[in-house]
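Asker: Sharing a sequence plus its predicted fold:
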Amino acid sequence: MLVQASAAGPPPRAGSQYAQLSRRVKQAGLLERRPGYYGVRIGVIGFAFVATWAVFVLVGPSWWQLCTAVVLAVLFTQVGFLGHDAGHRQIFRSRRANDVTGLLHANLLIGLSFGWWIDKHNRHHANPNTEGADPDIVVAPLAFTAGQARPLRGVRAAIVRWQGYLFLPLLTLEALSLHLSSVAAVFGRRMKRRRTEVALLGLHAALYLSAVFLVLSPLQGVVFIGVHQGLFGVYLGSAFAPNHKGMPILPAGSTLDFFHRQVLTSRNVRGNAFIDMALGGLNYQIEHHLFPSMPRPTLRRAQVLIRQFCREHGVEYCETTLWRSWREVLRHLDTVGSAPAPV
């Protein structure tokens, strides 16, 4: 799996700015694991997850279950954040322990392939917002650059033209897209631990669909799944979209060094403890991209050091509010969608 290659960033080049920053970060103890934090977090989220499904069974066939669907959408996303942290080896030093944690949280609990997602996510980390290298800026039916938008025709062109307005509604399909991509990956390519991934995905689907359609009527079940998976996609997409969308996009083959590439293409979201929890620490995107294996609870402390380092070296450090980050994302999508068609 690629996670081991990029979980901690590249080996710092002696004398480089990244090497200087790495020394400061290590001396401050910011890369030390936080087993107590993760033990409590996994326990609390796990308890809430089980308790919510117990309430689902107890309530029975009722339209009030749509409230349960909303709660489960939040919990699925929080479980996804834990899978993300395991993928970056933030939780344990042991590769195996992180992989087991990731497989259980991703494949079994929320139905997403851990191996497929880590491969895709690490390609993004290696080349954020880089044309031809970052899979996160090649997402049909959207276009993130004028070059992607100009050749489009027909329905796809119409969608892109209005993508600034359609982006949030389209996020309701994000979870479905991730489920389908997970299934396609585990059946369509060579993958480490494929049998385990298939078995866990299959078990998740069997348990999830059985619970829904044994407890609810067919109509209630279909609506429940639509609301749950739709909101899951919106929440998950909303946690990731503000991080890079609308930031500079680098040309293919860019030779920008690791430090500048990570800082200049990332956006932090200013907030508080609630924002930290709601966004799974991804609001500290600059710190996370510079040091992917840094445990989530340490990112806030690291921000002070890294922001100061950027000031010292004259490197632009982008941080804004959640509301403004969304304005910038949607404005960028609208600008790209308005790109003139070729004559």
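Answerer: Yes, it's here. Since the model is a prediction, treat every value here as computed from it, not as a measurement. Numbering: from 1, shown residues only.
Asker: ok now the strand or helix carrying residue 288, how far from the chain's centre?
Answerer: Residue 288 belongs to helix 285-290 when assigned by DSSP states H and E. Relative to the chain's own centre, helix 285-290 is displaced by 13 Å; criterion: Cα atoms, centre = their mean, to the nearest Å.
Asker: Next, count neighbours for residue 60.
Answerer: Residue 60 has 10 neighbouring residues, counting by other Cβ atoms under 10 Å. Where you see a C-beta, it was placed from the backbone N, CA and C, and this is true even at glycine.
Asker: Just the C-alpha atoms of the helix holding residue 288, please, in PDB.
Answerer: Extracted in PDB, the C-alpha atoms of helix 285-290 (Å, rounded to 0.1, in the frame of the first residue of the first chain):
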ATOM      1  CA  GLN A 285      -4.900  21.400   6.100                       C
ATOM      2  CA  ILE A 286      -1.500  23.100   5.700                       C
ATOM      3  CA  GLU A 287      -0.200  21.400   8.800                       C
ATOM      4  CA  HIS A 288      -1.700  18.100   7.800                       C
ATOM      5  CA  HIS A 289      -0.200  18.200   4.300                       C
ATOM      6  CA  LEU A 290       3.300  19.100   5.600                       C
END
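Asker: who does that helix touch, helix- and strand-wise?
Answerer: helix 258-264, strand 268-270, helix 299-312 (3 or more Cβ pairs under 8 Å, 6 or more residues apart in numbering; DSSP states H and E).
Asker: And the average pLDDT for it is what?
Answerer: Helix 285-290 carries an average pLDDT of 98.
Asker: Now distance to residue 153 too, for the helices and strands packed on helix 285-290, in a markdown table please.
Answerer: As requested, the helices and strands packed on helix 285-290 are exported to a markdown table (distance: least, Cβ to Cβ, whole Å):
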| stretch | distance to residue 153 |
| --- | --- |
| helix 258-264 | 33 |
| strand 268-270 | 36 |
| helix 299-312 | 43 |
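Asker: so can I have JSON lines of those showing mean pLDDT and distance to residue 285?
Answerer: Shown next, in JSON lines, are the helices and strands packed on helix 285-290 (pLDDT from 0 to 100; distance: least, Cβ to Cβ, whole Å):
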{"stretch": "helix 258-264", "mean pLDDT": "97", "distance to residue 285": "9"}
{"stretch": "strand 268-270", "mean pLDDT": "96", "distance to residue 285": "6"}
{"stretch": "helix 299-312", "mean pLDDT": "97", "distance to residue 285": "9"}
